[in-house]
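K.L.:
after the sequence you'll find the predicted model.
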Amino acid sequence: MCLDKSFFDERDLWLEDQAQKGCVRLFDFCLDFGFKYDNLITAGILEKQPRRETASLIDYALTEFGREFAECKFDTFVIKSDKLNVLAAHIEEFFLTQFLQTA
C-alpha cells in the first residue's frame, strides 16, 4: 500500500464525518469499555489477518458478524452509532457466559 498525505487527509475527513454521525473509533470503544482486540477476536467481532497476505496497515479484519456492528475504511474501524451499546452488551454477555460455563 502506497501511503501519501491524501490517504491521511481522506481518512481524517471520513472519521470526522463518522463522528458527526455518532460513530466511535473501535480503539476508543475498547478503551472506554476495557476490551482488548483479543477479546473482540474471541467474541467473533474481529479476526487476525496474516501480515504477509495483506497490504493493510492493520493486522485485523471484521468478521461477517462484526460487520453488523462496525465498518472499516482507510484501515480504521468505527462502531456504528446505533450499535455501540448493543456491541458492548454482546461482548459483556459473551464473556459472562464463558465465565459461568467454566465456573
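P.N.:
The structure has been received and is ready for your questions.
K.L.:
now residue 95: how far from residue 21?
P.N.:
Using Cβ to Cβ, to the nearest Å, one obtains 28 Å as the distance from residue 95 to residue 21. From N, CA and C alone the C-beta is placed, and that goes for glycine too.
K.L.:
which helices and strands does the longest helix seen in the chain pack with?
P.N.:
The longest helix of the chain (DSSP state H) is helix 84-102. Packing contacts for helix 84-102, counted by 3 or more Cβ pairs under 8 Å, 6 or more residues apart in numbering; DSSP states H and E, involve helix 26-33, helix 37-42.
K.L.:
name the nearest residue to residue 88, sequence neighbours excluded.
P.N.:
residue 33 (5.3 Å; Cβ to Cβ, 6 or more residues apart in numbering).
K.L.:
what's around that neighbour, how many residues?
P.N.:
Neighbourhood size, residue 33 [other Cβ atoms under 10 Å]: 13.
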